[in-house]
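Participant: missing the sequence, but the structure's below:
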């Protein structure tokens with residue numbers, strides 16, 4: 001059985017974290033409350049079957065990176 005897909009907002013939160021933002025910075029960048037960011041993180045970690053934000057970022061990084069113009 002395939003893992004549930006992340007919502008677009010969960011992907012945005014994860015991408016911000018992968019780019020080095022902390023939870024409060026993610027909240028400010030995406031115009032969300034810190035509690036909403038926490039909820040998105042809890043949901044995406046459950047979907048990915050991981051126990052930490054760092055682990056979620058580590059396994060998702062290859063899927064989140066976009067090719068840079070002129071490099072590929």
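Facilitator: That came through, no problem. In this text, all values refer to a predicted model and were calculated from it rather than measured experimentally.
Participant: need the longest helix for this structure.
Facilitator: Of all segments of type helix in the chain, defined using DSSP state H, the longest is helix 34-48.
Participant: Who are the packing partners of that one?
Facilitator: Using 3 or more Cβ pairs under 8 Å, 6 or more residues apart in numbering; DSSP states H and E, the elements in contact with helix 34-48 are helix 8-18, helix 23-30, helix 53-64. Every residue, glycine included, has its C-beta placed from N, CA and C.
Participant: separation between the residue nearest the centre of the chain and residue 40?
Facilitator: The chain has residue 14 as the residue nearest its centroid, 0.9 Å off, counting by Cα atoms, centre = their mean. With distances taken as Cβ to Cβ, to the nearest Å, residue 14 is found 8 Å from residue 40.
Participant: so what's the spatially closest residue to residue 16 that is not a sequence neighbour up against?
Facilitator: Excluding its sequence neighbours, the residue lying closest to residue 16 (Cβ to Cβ, 6 or more residues apart in numbering) is residue 26, at 4.4 Å. Contacts here follow Cβ atoms under 8 Å, 6 or more residues apart in numbering; on that basis residue 26 touches 13, 16-17, 32, 37.
Participant: Going by neighbour count, which of those are buried?
Facilitator: Neighbour-count burial (16 or more other Cβ atoms under 10 Å) applied to these gives 13, 16-17, 32, 37.
Participant: and which of those is nearest to residue 54?
Facilitator: Nearest to residue 54 among the buried ones among the contacts of residue 26 is residue 17, at 8.9 Å by Cβ to Cβ.
Participant: residues contacting the nearest residue to the closest one once chain neighbours are set aside?
Facilitator: Leaving aside its sequence neighbours, residue 17 sits nearest to residue 57 (Cβ to Cβ, 6+ apart; 5.3 Å). For residue 57, the contact set (Cβ under 8 Å, 6+ apart) comprises 14, 17-18.
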